[in-house]
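**Student:** Following is a predicted model, sequence given first.
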Amino acid sequence: MNNKNMLIELSEAFGPSGFEEEIKEIIVNEFKNLKSFTKHEDGIGSVIFSKISDQNKPTLSLVAHMDEIGYLVKYIDERGFIKVQNLGGWLTQSMINQRWIVRTNEKDIVGISGMKTIHVMTPEERRNFYKSNNELFIDVGAKNKQDAVAMGINPGDPIAPLSKVTELNNERLLGKAWDDRIGCAMLIELAQKIDTLDLKYNLNFVFTTQEEIGLRGAMTTAYITNSDICINLEVGVAGDYSYMTEDEAQEKLGFGPSIFLHDNSMLPDKRLRSYIEKIASDNNIKLQYEILAGYGEDGSMFQKSRGGIPAINLGIPTRYLHCHNSVIDLEDYRNGINLVNHILIDLDKDKIKDIKNLVD
(Lines give C-alpha, C1' and ligand atoms only; values in the text may rest on other atoms or scores of the structure.)
Protein backbone atom coordinates (compact mmCIF):
# COMPACT_ATOMS: atom_id res chain seq x y z
CA MET A 1 0.00 0.00 0.00
CA ASN A 2 1.46 3.41 -0.94
CA ASN A 3 1.59 6.22 1.59
CA LYS A 4 -1.38 8.13 0.18
CA ASN A 5 -3.63 5.06 0.17
CA MET A 6 -2.62 4.22 3.73
CA LEU A 7 -3.39 7.75 4.88
CA ILE A 8 -6.81 7.56 3.24
CA GLU A 9 -7.60 4.18 4.78
CA LEU A 10 -6.57 5.33 8.25
CA SER A 11 -8.46 8.61 7.96
CA GLU A 12 -11.71 6.98 6.88
CA ALA A 13 -11.55 4.20 9.47
CA PHE A 14 -13.96 4.27 12.41
CA GLY A 15 -12.26 4.76 15.76
CA PRO A 16 -13.46 7.18 18.44
CA SER A 17 -11.81 7.00 21.85
CA GLY A 18 -12.26 3.58 23.41
CA PHE A 19 -13.29 2.00 20.09
CA GLU A 20 -9.99 1.89 18.18
CA GLU A 21 -10.23 -1.73 16.99
CA GLU A 22 -10.57 -0.93 13.28
CA ILE A 23 -7.46 1.25 13.30
CA LYS A 24 -5.53 -1.33 15.28
CA GLU A 25 -6.46 -4.00 12.73
CA ILE A 26 -5.04 -1.87 9.90
CA ILE A 27 -1.83 -1.29 11.85
CA VAL A 28 -1.39 -4.93 12.86
CA ASN A 29 -1.88 -6.04 9.25
CA GLU A 30 0.85 -3.64 8.10
CA PHE A 31 3.27 -4.99 10.73
CA LYS A 32 2.60 -8.61 9.77
CA ASN A 33 4.97 -8.19 6.82
CA LEU A 34 7.79 -6.92 9.05
CA LYS A 35 10.24 -9.42 10.53
CA SER A 36 12.04 -7.69 13.39
CA PHE A 37 9.17 -6.57 15.64
CA THR A 38 7.50 -8.18 18.62
CA LYS A 39 3.88 -7.20 19.32
CA HIS A 40 2.32 -6.70 22.73
CA GLU A 41 -0.58 -4.71 24.17
CA ASP A 42 -1.51 -2.92 27.35
CA GLY A 43 -4.73 -3.51 29.28
CA ILE A 44 -6.77 -0.81 27.50
CA GLY A 45 -6.03 -1.66 23.89
CA SER A 46 -2.86 0.23 23.02
CA VAL A 47 -0.47 -1.79 20.87
CA ILE A 48 3.34 -1.73 20.95
CA PHE A 49 5.74 -3.12 18.35
CA SER A 50 9.25 -3.53 19.77
CA LYS A 51 12.53 -3.94 17.94
CA ILE A 52 14.91 -5.10 20.65
CA SER A 53 18.62 -4.90 19.93
CA ASP A 54 19.93 -5.67 23.41
CA GLN A 55 18.09 -5.53 26.72
CA ASN A 56 21.03 -3.60 28.18
CA LYS A 57 20.83 -0.85 25.55
CA PRO A 58 18.70 2.31 25.92
CA THR A 59 15.21 2.54 24.44
CA LEU A 60 13.52 5.10 22.20
CA SER A 61 9.74 5.13 21.95
CA LEU A 62 7.94 6.68 18.98
CA VAL A 63 4.32 7.40 19.84
CA ALA A 64 1.05 8.19 18.02
CA HIS A 65 -2.57 7.80 19.09
CA MET A 66 -5.16 5.78 17.21
CA ASP A 67 -8.37 7.37 18.48
CA GLU A 68 -10.37 10.25 17.05
CA ILE A 69 -12.93 12.49 18.70
CA GLY A 70 -16.49 11.21 18.59
CA TYR A 71 -19.58 10.57 20.69
CA LEU A 72 -21.45 7.94 22.65
CA VAL A 73 -25.18 7.37 22.48
CA LYS A 74 -26.48 8.81 25.77
CA TYR A 75 -30.13 7.97 25.27
CA ILE A 76 -32.91 7.92 22.66
CA ASP A 77 -35.75 10.38 23.19
CA GLU A 78 -39.40 9.53 22.61
CA ARG A 79 -39.30 10.89 19.06
CA GLY A 80 -36.40 8.60 18.11
CA PHE A 81 -33.63 11.20 18.16
CA ILE A 82 -30.25 10.24 19.65
CA LYS A 83 -28.80 12.37 22.43
CA VAL A 84 -25.05 12.10 22.84
CA GLN A 85 -22.07 12.26 25.19
CA ASN A 86 -18.94 13.73 23.65
CA LEU A 87 -15.65 11.82 23.44
CA GLY A 88 -13.07 14.59 23.16
CA GLY A 89 -13.24 18.28 22.40
CA TRP A 90 -15.83 19.40 19.85
CA LEU A 91 -16.66 22.94 18.80
CA THR A 92 -20.44 22.85 18.89
CA GLN A 93 -20.88 25.14 15.87
CA SER A 94 -18.88 22.74 13.66
CA MET A 95 -21.38 19.94 14.24
CA ILE A 96 -24.36 21.57 12.56
CA ASN A 97 -25.94 19.41 9.81
CA GLN A 98 -23.10 16.86 9.69
CA ARG A 99 -23.24 13.16 8.84
CA TRP A 100 -22.31 10.52 11.42
CA ILE A 101 -21.90 6.77 11.75
CA VAL A 102 -23.54 5.10 14.74
CA ARG A 103 -21.90 1.69 15.25
CA THR A 104 -24.23 -0.85 16.87
CA ASN A 105 -23.47 -4.46 17.75
CA GLU A 106 -24.91 -5.53 14.40
CA LYS A 107 -24.28 -2.79 11.85
CA ASP A 108 -23.38 0.82 11.09
CA ILE A 109 -26.22 3.33 10.88
CA VAL A 110 -25.89 6.71 9.18
CA GLY A 111 -27.38 9.75 10.87
CA ILE A 112 -27.30 13.52 10.68
CA SER A 113 -26.99 16.11 13.42
CA GLY A 114 -30.28 17.91 12.95
CA MET A 115 -30.76 21.65 13.09
CA LYS A 116 -33.59 24.12 13.30
CA THR A 117 -34.55 25.35 9.83
CA ILE A 118 -33.18 28.83 9.15
CA HIS A 119 -36.61 30.08 8.04
CA VAL A 120 -37.92 29.97 11.61
CA MET A 121 -34.79 31.10 13.46
CA THR A 122 -34.59 34.44 15.19
CA PRO A 123 -31.49 36.59 14.44
CA GLU A 124 -30.13 35.65 17.87
CA GLU A 125 -30.61 31.93 17.21
CA ARG A 126 -28.76 32.20 13.90
CA ARG A 127 -25.73 33.58 15.73
CA ASN A 128 -25.78 31.17 18.64
CA PHE A 129 -27.18 27.86 17.45
CA TYR A 130 -25.93 24.81 19.41
CA LYS A 131 -24.77 26.55 22.55
CA SER A 132 -23.65 23.24 24.07
CA ASN A 133 -23.36 19.52 23.36
CA ASN A 134 -26.58 19.01 25.31
CA GLU A 135 -28.50 20.57 22.43
CA LEU A 136 -27.04 18.23 19.81
CA PHE A 137 -29.18 15.38 18.53
CA ILE A 138 -28.67 12.85 15.73
CA ASP A 139 -31.48 11.86 13.38
CA VAL A 140 -31.18 8.29 12.07
CA GLY A 141 -34.57 8.28 10.37
CA ALA A 142 -36.39 6.58 13.24
CA LYS A 143 -40.11 7.27 13.60
CA ASN A 144 -39.96 7.05 17.40
CA LYS A 145 -37.93 5.60 20.27
CA GLN A 146 -39.17 2.06 19.67
CA ASP A 147 -38.15 2.30 16.02
CA ALA A 148 -34.62 3.40 16.95
CA VAL A 149 -34.32 0.60 19.49
CA ALA A 150 -35.49 -1.88 16.85
CA MET A 151 -32.64 -0.65 14.64
CA GLY A 152 -30.27 -1.96 17.31
CA ILE A 153 -29.18 1.36 18.81
CA ASN A 154 -28.30 1.25 22.50
CA PRO A 155 -26.81 3.60 25.09
CA GLY A 156 -23.02 3.46 24.89
CA ASP A 157 -22.86 2.80 21.14
CA PRO A 158 -19.98 4.80 19.61
CA ILE A 159 -20.49 7.55 17.04
CA ALA A 160 -17.88 8.95 14.65
CA PRO A 161 -17.90 11.47 11.77
CA LEU A 162 -18.80 10.19 8.31
CA SER A 163 -16.26 11.87 6.05
CA LYS A 164 -14.47 10.54 2.97
CA VAL A 165 -11.04 11.80 1.94
CA THR A 166 -10.89 14.20 -1.00
CA GLU A 167 -7.69 15.04 -2.85
CA LEU A 168 -7.24 18.79 -3.27
CA ASN A 169 -4.73 20.66 -5.42
CA ASN A 170 -1.00 20.70 -4.62
CA GLU A 171 -0.98 17.26 -2.99
CA ARG A 172 -3.22 18.30 -0.13
CA LEU A 173 -5.75 15.95 1.42
CA LEU A 174 -9.10 16.85 2.96
CA GLY A 175 -10.41 14.38 5.52
CA LYS A 176 -11.25 13.57 9.11
CA ALA A 177 -9.16 12.22 11.98
CA TRP A 178 -5.73 13.34 10.81
CA ASP A 179 -5.42 13.81 14.57
CA ASP A 180 -3.73 11.41 14.88
CA ARG A 181 -3.99 8.99 11.99
CA ILE A 182 -1.22 10.97 10.32
CA GLY A 183 1.05 10.03 13.21
CA CYS A 184 -0.02 6.38 12.92
CA ALA A 185 0.78 6.37 9.20
CA MET A 186 4.19 7.88 9.89
CA LEU A 187 5.01 5.17 12.41
CA ILE A 188 4.02 2.44 9.95
CA GLU A 189 6.19 3.88 7.17
CA LEU A 190 9.12 4.37 9.52
CA ALA A 191 8.86 0.78 10.73
CA GLN A 192 8.93 -0.41 7.13
CA LYS A 193 12.05 1.62 6.45
CA ILE A 194 14.09 0.35 9.40
CA ASP A 195 12.78 -3.22 9.64
CA THR A 196 15.96 -4.80 8.27
CA LEU A 197 18.42 -2.38 9.88
CA ASP A 198 20.59 -3.23 12.88
CA LEU A 199 20.00 -0.42 15.34
CA LYS A 200 22.30 0.50 18.20
CA TYR A 201 19.44 0.88 20.67
CA ASN A 202 16.01 -0.59 21.36
CA LEU A 203 12.99 0.89 19.61
CA ASN A 204 9.26 0.88 20.35
CA PHE A 205 6.48 1.90 17.99
CA VAL A 206 3.64 2.80 20.35
CA PHE A 207 0.04 3.20 19.12
CA THR A 208 -2.07 4.48 22.00
CA THR A 209 -5.79 4.51 22.77
CA GLN A 210 -7.99 7.13 24.42
CA GLU A 211 -5.70 10.13 23.91
CA GLU A 212 -8.60 12.45 23.21
CA ILE A 213 -10.22 11.80 26.59
CA GLY A 214 -7.22 12.18 28.87
CA LEU A 215 -4.03 10.65 27.38
CA ARG A 216 -4.99 7.34 28.97
CA GLY A 217 -3.17 4.97 26.62
CA ALA A 218 -0.01 7.03 26.96
CA MET A 219 -0.15 6.71 30.74
CA THR A 220 -0.15 2.91 30.59
CA THR A 221 2.29 2.45 27.70
CA ALA A 222 4.77 4.93 29.17
CA TYR A 223 4.97 2.69 32.22
CA ILE A 224 5.21 -0.54 30.21
CA THR A 225 7.91 0.61 27.78
CA ASN A 226 10.17 2.16 30.44
CA SER A 227 11.70 4.33 27.71
CA ASP A 228 14.86 6.43 27.86
CA ILE A 229 13.63 9.03 25.37
CA CYS A 230 10.33 9.64 23.57
CA ILE A 231 9.29 11.32 20.33
CA ASN A 232 5.55 11.86 19.96
CA LEU A 233 4.19 12.27 16.42
CA GLU A 234 1.07 14.40 16.22
CA VAL A 235 -0.81 16.97 14.19
CA GLY A 236 0.27 20.56 14.46
CA VAL A 237 -2.09 23.51 14.58
CA ALA A 238 -1.80 25.41 11.29
CA GLY A 239 -2.39 29.14 11.58
CA ASP A 240 -2.10 30.08 7.91
CA TYR A 241 -5.73 30.85 7.09
CA SER A 242 -8.44 33.43 7.70
CA TYR A 243 -9.49 34.11 11.31
CA MET A 244 -6.23 32.67 12.69
CA THR A 245 -3.45 34.89 14.01
CA GLU A 246 0.24 34.23 14.50
CA ASP A 247 -0.26 34.75 18.22
CA GLU A 248 -2.61 31.76 18.24
CA ALA A 249 -0.63 29.34 16.03
CA GLN A 250 2.52 29.69 13.95
CA GLU A 251 2.61 26.64 11.66
CA LYS A 252 2.01 26.80 7.91
CA LEU A 253 1.18 24.06 5.44
CA GLY A 254 4.10 23.24 3.15
CA PHE A 255 6.82 24.39 5.55
CA GLY A 256 7.67 21.03 7.07
CA PRO A 257 7.11 19.37 10.44
CA SER A 258 7.15 21.40 13.62
CA ILE A 259 8.68 21.18 17.06
CA PHE A 260 6.26 22.08 19.83
CA LEU A 261 8.12 24.51 22.07
CA HIS A 262 5.17 24.89 24.43
CA ASP A 263 1.73 23.44 24.93
CA ASN A 264 -0.53 23.09 27.92
CA SER A 265 0.85 19.66 28.82
CA MET A 266 4.62 19.82 28.38
CA LEU A 267 7.81 21.62 27.42
CA PRO A 268 10.22 19.69 25.17
CA ASP A 269 13.54 18.43 26.43
CA LYS A 270 16.20 20.97 25.41
CA ARG A 271 18.89 18.42 24.50
CA LEU A 272 16.50 16.35 22.44
CA ARG A 273 15.30 19.49 20.69
CA SER A 274 18.89 20.51 19.84
CA TYR A 275 19.65 17.05 18.52
CA ILE A 276 16.60 17.05 16.24
CA GLU A 277 17.38 20.57 15.01
CA LYS A 278 20.88 19.43 14.03
CA ILE A 279 19.54 16.39 12.18
CA ALA A 280 17.13 18.63 10.25
CA SER A 281 19.85 21.16 9.43
CA ASP A 282 22.39 18.54 8.35
CA ASN A 283 19.86 16.96 5.98
CA ASN A 284 18.23 20.16 4.65
CA ILE A 285 14.82 19.27 6.06
CA LYS A 286 12.35 22.08 6.63
CA LEU A 287 11.48 22.61 10.28
CA GLN A 288 9.14 25.05 11.96
CA TYR A 289 8.08 25.81 15.51
CA GLU A 290 4.83 25.97 17.44
CA ILE A 291 3.95 27.66 20.72
CA LEU A 292 0.38 27.03 21.85
CA ALA A 293 -1.51 28.19 24.91
CA GLY A 294 -3.67 25.05 24.92
CA TYR A 295 -3.26 21.52 23.53
CA GLY A 296 -2.30 18.29 25.28
CA GLU A 297 -0.52 15.23 23.91
CA ASP A 298 0.81 11.79 24.71
CA GLY A 299 4.43 12.88 24.95
CA SER A 300 3.65 14.61 28.22
CA MET A 301 2.70 11.32 29.86
CA PHE A 302 5.97 9.75 28.76
CA GLN A 303 7.85 12.79 30.03
CA LYS A 304 6.27 12.36 33.47
CA SER A 305 6.54 8.58 33.65
CA ARG A 306 8.65 6.78 36.23
CA GLY A 307 11.56 9.10 37.03
CA GLY A 308 10.89 11.38 34.06
CA ILE A 309 12.33 11.03 30.54
CA PRO A 310 13.35 13.42 27.73
CA ALA A 311 10.38 13.83 25.38
CA ILE A 312 9.36 16.04 22.49
CA ASN A 313 6.30 16.53 20.28
CA LEU A 314 6.70 16.74 16.49
CA GLY A 315 3.66 17.95 14.56
CA ILE A 316 2.45 17.85 10.96
CA PRO A 317 0.61 21.14 10.20
CA THR A 318 -3.14 20.65 9.90
CA ARG A 319 -5.93 23.11 9.19
CA TYR A 320 -9.39 22.93 10.81
CA LEU A 321 -8.72 20.37 13.53
CA HIS A 322 -11.38 18.49 15.49
CA CYS A 323 -14.10 18.57 12.88
CA HIS A 324 -15.31 16.51 9.90
CA ASN A 325 -12.89 18.01 7.38
CA SER A 326 -9.24 18.93 7.98
CA VAL A 327 -6.45 19.67 5.48
CA ILE A 328 -2.88 18.34 5.39
CA ASP A 329 -0.03 18.71 2.91
CA LEU A 330 1.63 15.48 1.78
CA GLU A 331 4.98 17.24 1.48
CA ASP A 332 4.90 18.00 5.22
CA TYR A 333 4.07 14.36 5.86
CA ARG A 334 7.01 13.15 3.77
CA ASN A 335 9.38 15.65 5.37
CA GLY A 336 8.26 14.46 8.79
CA ILE A 337 9.03 10.86 7.88
CA ASN A 338 12.37 11.90 6.40
CA LEU A 339 13.33 13.76 9.57
CA VAL A 340 12.47 10.93 11.95
CA ASN A 341 14.06 8.34 9.66
CA HIS A 342 17.36 10.24 9.79
CA ILE A 343 17.04 10.34 13.57
CA LEU A 344 16.53 6.57 13.75
CA ILE A 345 19.57 5.90 11.58
CA ASP A 346 21.84 8.40 13.35
CA LEU A 347 20.91 7.65 16.95
CA ASP A 348 23.08 5.39 19.11
CA LYS A 349 23.68 4.50 22.75
CA ASP A 350 26.10 7.37 23.37
CA LYS A 351 23.81 9.98 21.83
CA ILE A 352 20.90 8.80 23.94
CA LYS A 353 23.10 9.01 27.02
CA ASP A 354 24.15 12.51 26.02
CA ILE A 355 20.51 13.55 25.60
CA LYS A 356 19.76 12.12 29.04
CA ASN A 357 22.99 13.61 30.42
CA LEU A 358 23.94 10.25 31.89
CA VAL A 359 27.44 9.10 32.78
CA ASP A 360 28.84 5.58 33.03
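**Tutor:** Nice, thanks for sending it over.

**Student:** ok, so what distance separates residue 166 from residue 288?
**Tutor:** 25 Å (Cβ to Cβ, to the nearest Å). Bear in mind the C-beta positions are built from the backbone N, C-alpha and C, glycine included.

**Student:** more crowded one of those two?
**Tutor:** Taking neighbours as other Cβ atoms under 10 Å, residue 166 and residue 288 compare with residue 288 leading, 16 against 12.

**Student:** In contact with that one: list those residues for me.
**Tutor:** Residues in contact with residue 288 (Cβ atoms under 8 Å, 6 or more residues apart in numbering) are 250, 251, 252, 255, 256, 257, 258, 259, 317.

**Student:** Try it again at 10 Å.
**Tutor:** Residues in contact with residue 288 (Cβ atoms under 10 Å, 6 or more residues apart in numbering) are 236, 250, 251, 252, 255, 256, 257, 258, 259, 315, 317, 332.

**Student:** How about residue 143?
**Tutor:** 79, 80, 150.

**Student:** name the element the first one belongs to?
**Tutor:** What that stands for is residue 79. If you go by DSSP states H and E, residue 79 is not part of any helix or strand.

**Student:** Pull the number of nearby residues for it.
**Tutor:** Number of residues near residue 79 (other Cβ under 10 Å) recorded here: 13.

**Student:** do the same with residue 55
**Tutor:** Around residue 55 there are 7 other residues, counting by other Cβ under 10 Å.

**Student:** for the one 5 residues further on, same thing?
**Tutor:** Per other Cβ under 10 Å, the neighbour tally for residue 60 reads 21.

**Student:** circling back to that earlier point, can you put the contacts of residue 143 in JSON lines and add distance to residue 11?
**Tutor:** Shown next, in JSON lines, are the contacts of residue 143 (distance: Cβ to Cβ, whole Å):
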{"residue": "79", "distance to residue 11": "33"}
{"residue": "80", "distance to residue 11": "30"}
{"residue": "150", "distance to residue 11": "32"}
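
**Student:** ok, of the residues you listed, which one's closest to residue 65?
**Tutor:** Proximity of the contacts of residue 143 to residue 65 was ranked by Cβ to Cβ; the top entry is residue 80 with 33.9 Å.

**Student:** give the contact list for the closest residue to the closest one other than its chain neighbours.
**Tutor:** In space, and not counting its chain neighbours, residue 80 is closest to residue 142: 3.2 Å by Cβ to Cβ, 6 or more residues apart in numbering. With contact set as Cβ under 10 Å, 6+ apart, residue 142 has these partners: 76, 79, 80, 81, 82, 109, 111, 148, 149, 150, 151, 153.

**Student:** can you redo the contacts of residue 288 as JSON lines with secondary structure and pLDDT?
**Tutor:** Formatted as JSON lines, the contacts of residue 288 follow (DSSP: H, G, I helix; E, B strand; the rest coil; pLDDT from 0 to 100):
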{"residue": "236", "secondary structure": "strand", "pLDDT": "95"}
{"residue": "250", "secondary structure": "coil", "pLDDT": "91"}
{"residue": "251", "secondary structure": "strand", "pLDDT": "92"}
{"residue": "252", "secondary structure": "coil", "pLDDT": "94"}
{"residue": "255", "secondary structure": "coil", "pLDDT": "97"}
{"residue": "256", "secondary structure": "coil", "pLDDT": "97"}
{"residue": "257", "secondary structure": "coil", "pLDDT": "98"}
{"residue": "258", "secondary structure": "strand", "pLDDT": "97"}
{"residue": "259", "secondary structure": "strand", "pLDDT": "96"}
{"residue": "315", "secondary structure": "strand", "pLDDT": "97"}
{"residue": "317", "secondary structure": "strand", "pLDDT": "97"}
{"residue": "332", "secondary structure": "helix", "pLDDT": "97"}
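
**Student:** which residues sit against the worst-scoring helix or strand of the chain on mean pLDDT?
**Tutor:** When the helices and strands of the chain are scored by mean pLDDT, DSSP states H and E, helix 123-127 comes last with a mean of 74. Helix 123-127 is contacted by residues 93, 116, 118, 121, 131 when judged by Cβ under 10 Å, 6+ apart.

**Student:** Let me see the ranges of the helices in this protein.
**Tutor:** Ranges of helices in the chain, per DSSP state H, are 3-12, 21-31, 123-127, 145-150, 178-194, 216-225, 270-282, 299-303, 330-346, 349-356.

**Student:** Quick one: those helices as a markdown table, columns for distance to residue 44 and mean neighbour count too.
**Tutor:** As requested, these are exported to a markdown table (distance: least, Cβ to Cβ, whole Å; neighbours: other Cβ atoms under 10 Å):
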| stretch | distance to residue 44 | mean neighbour count |
| --- | --- | --- |
| helix 3-12 | 20 | 19 |
| helix 21-31 | 12 | 18 |
| helix 123-127 | 41 | 9 |
| helix 145-150 | 29 | 16 |
| helix 178-194 | 17 | 24 |
| helix 216-225 | 6 | 23 |
| helix 270-282 | 27 | 16 |
| helix 299-303 | 13 | 27 |
| helix 330-346 | 26 | 20 |
| helix 349-356 | 28 | 17 |
